[in-house]
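Colleague: need a 3D model of the following:
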Amino acid sequence: MSVWLPTASCTPETCLTEPAPTVALPRRVLRLAAFLVVLTVGLALLVPARALPHGPRDRLARFWARGLLGSLGVAVRIEPGPGGAPGGVLVVANHVSWLDIPLIAAASPGRSLAKTEVRHWPVLGPVIAWGGTVFVDRDRLRTLPAAVAEVAEGLRSGQPVIVFPEGSTWCGRESGRFRPAFFEAAVRSGAVVQPLAIRYRLADGRPTSAPAFIGEDGLLTSLARVVAVRGLAAELTYRSPITAPPADPAHPWEARKALARTAQSAVEGIR
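Modeller: A predicted model of the protein is given here:
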């Protein structure tokens, strides 16, 4: 049995071409059931978790995120860290799948930036929203400055904020350009930028794009593909934190553009 995996291009017509080993149907059903149980526990813990001090709350979030990925049969590998900058840090990564968010939370929990559609996902949407996610409407650019300001305020208050600067998911073998808009939040707040790379592999070490969330994929379709794969591993690799350069009043946009280029080079150097 097999599922289809992307090759070199991130379009639905060419991505899903290589077969990968899968588990039997009963194992898939068990994984889905376990996933729903962990999600339900997460919903139940959201309100009491907010009353916890920062340290215990983060430990609980890491434990829950690892449990969520484990319920789907996804092994978590963190290299070499975490070991990045603490506090108000802008965490930036390449974007492959909806699994990226719990993967990062398994190492360094923080507020996330997500498209508005995510808020309406069944079950998972409320969990993401109640976790303090900053939502941005990609079809209404006039809302972008407010979202950047909200991220900058979170960074000033000492909160880590997770951003995927490509603006969309890619198959993992190709990537998009890091857009500079939300790097402005780091420039304004003086926050450190923590780049990291996300990769998905099979048990034999081959890269896989089975978790990729691209094209016309729906959440349930992607979820069914993930639970079918045998030996799926999610890898998170940290790079050295980057200090945001000071803004030049004569060219205020240059600092965020330079920061975006540096962060993308760091991430692509790993992948």
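
Colleague: what residue ranges in the stretch 151-271 of the chain score low on pLDDT?
Modeller: Where the stretch 151-271 of the chain drops to pLDDT under 70, the residues are 168-175, 215-216, 249-250, 252, 270-271.

Colleague: oh, that last question was meant for the stretch 1-150 of the chain, not what I typed.
Modeller: For the stretch 1-150 of the chain, the stretches with pLDDT under 70 are 1-19, 81-87, 122-124, 126-127, 130-131, 138-139.

Colleague: helix, strand, or coil at Pro109?
Modeller: Under the three-state scheme (DSSP: H, G, I helix; E, B strand; the rest coil), Pro109 adopts coil.

Colleague: ok, Leu259 - contacts?
Modeller: 180, 183, 186-187, 193, 242, 244-245 (Cβ atoms under 8 Å, 6 or more residues apart in numbering). C-betas here are computed from N, CA, C, even on glycine.

Colleague: next up, phi/psi of Ser265, please.
Modeller: Main-chain torsions, Ser265, degrees, to the nearest 10: phi -60, psi -40.

Colleague: now for it, how many residues are close by?
Modeller: 13 (other Cβ atoms under 10 Å).

Colleague: also the one 4 residues further on?
Modeller: Gly269: 11 surrounding residues under other Cβ under 10 Å.

Colleague: circling back to that earlier point, return the member of the contacts of Leu259 nearest to Ala75.
Modeller: Checking the contacts of Leu259 against Ala75 with Cβ to Cβ, the nearest one is Val193 at 27.7 Å.

Colleague: identify the bridge partners of that closest one.
Modeller: Note on Val193: beta-bridge partners Leu90, Ile242, judged by DSSP bridges.

Colleague: correct me if wrong: it contacts Ser240.
Modeller: No: in this structure Val193 lies outside contact range of Ser240 using Cβ atoms under 8 Å: 10.2 Å.

Colleague: these two: which has the busier surroundings?
Modeller: More neighbours surround Val193 than the other of Val193 and Ser240, with 26 against 10 (other Cβ under 10 Å).

Colleague: who are the contact partners of that one?
Modeller: Counting by Cβ under 8 Å, 6+ apart, Val193 makes contact with 89-90, 92, 183, 186, 241-244, 259, 263.

Colleague: redo that, cut-off 6 Å
Modeller: Contact analysis of Val193 by Cβ atoms under 6 Å, 6 or more residues apart in numbering lists 90, 186, 242, 263.

Colleague: can you give me the strands for this protein?
Modeller: All strands of the chain, identified by DSSP state E, fall at 2-5, 18-21, 75-79, 89-93, 111-115, 134-136, 161-163, 192-201, 233-238, 242-243.
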